[in-house]
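1. Here is the input, now give the coordinates:
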Amino acid sequence: MAKYDSHLDQIFAALADPTRRAIMDRLSRGPATTSELAAPHDMAMPSLLGHLAKLEGAGLITSTKSGRTRTYTRTDAAFMPVQNWLGQQSDLWTRRLDQLEDYARQLAKDRANGT
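-> Below you'll find the predicted structure:
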């Protein structure tokens with residue numbers, strides 16, 4: 001059994017919400033203030049701050065404060081656990097499909113030979 005990574009669960013949980021994915025999309029274009037991130041969303045500021053806290057808790061974003069302005073930045077390195085996990089899943093399913101193909105070819109060969 002593969003090693004369980006609770007941090008991976010945090011990342012997937014943070015990305016499960018469409019508002020948080022929209023925030024991540026916005027931050028992919030560069031840092032943004034709380035007000036800039038709030039502008040396209042029709043929600044109360046405490047709700048938006050909850051989304052930002054969830055993303056920051058998962059390590060997907062960081063924030064800095066200068067005076068009264070808080071600026072958020074996407075943490076691209078935080079996606080490495082997801083990329084690694086997806087790569088492992090891709091390798092696993094590629095191997096399984098290759099084995100299935102080999103099996104199907106062997107069955108066809110056996111039928112052609114009458115065995």
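2. list the helices and strands the helix or strand containing Leu55 packs on?
-> Following DSSP states H and E, one finds Leu55 within helix 45-57. Applying 3 or more Cβ pairs under 8 Å, 6 or more residues apart in numbering; DSSP states H and E, we find helix 45-57 packed against helix 6-15, helix 18-27, helix 34-38, strand 61-66. All C-beta atoms are positioned from the backbone trio N, CA, C, and that covers glycine.
3. tell me the angle it makes with helix 6-15.
-> 150 degrees (axes from the mean of the first three to the mean of the last three Cα atoms, to 10 degrees).
4. Can you give me the buried ones in helix 45-57?
-> By neighbour count with 16 or more other Cβ atoms under 10 Å, helix 45-57 contains the buried residues Leu48, His51, Leu52, Lys54, Leu55.
5. Show me what the top helix by length along the chain is packed up against.
-> In the chain, taking DSSP state H as the definition, the longest helix is helix 80-112. When contacts are defined as 3+ Cβ pairs under 8 Å, 6+ apart, helix 80-112 packs onto helix 6-15.
6. Show me which residues of the helix it packs on are buried.
-> Here helix 6-15 shows Gln10, Ile11, Ala14, Leu15 as buried, counting by 16+ other Cβ under 10 Å.
7. now, which of these sits nearest Met80?
-> Of all the buried residues of helix 6-15, Met80 sits closest to Ile11, with 9.9 Å by Cβ to Cβ.
8. Thr71 in helix, strand or coil?
-> strand (DSSP: H, G, I helix; E, B strand; the rest coil).
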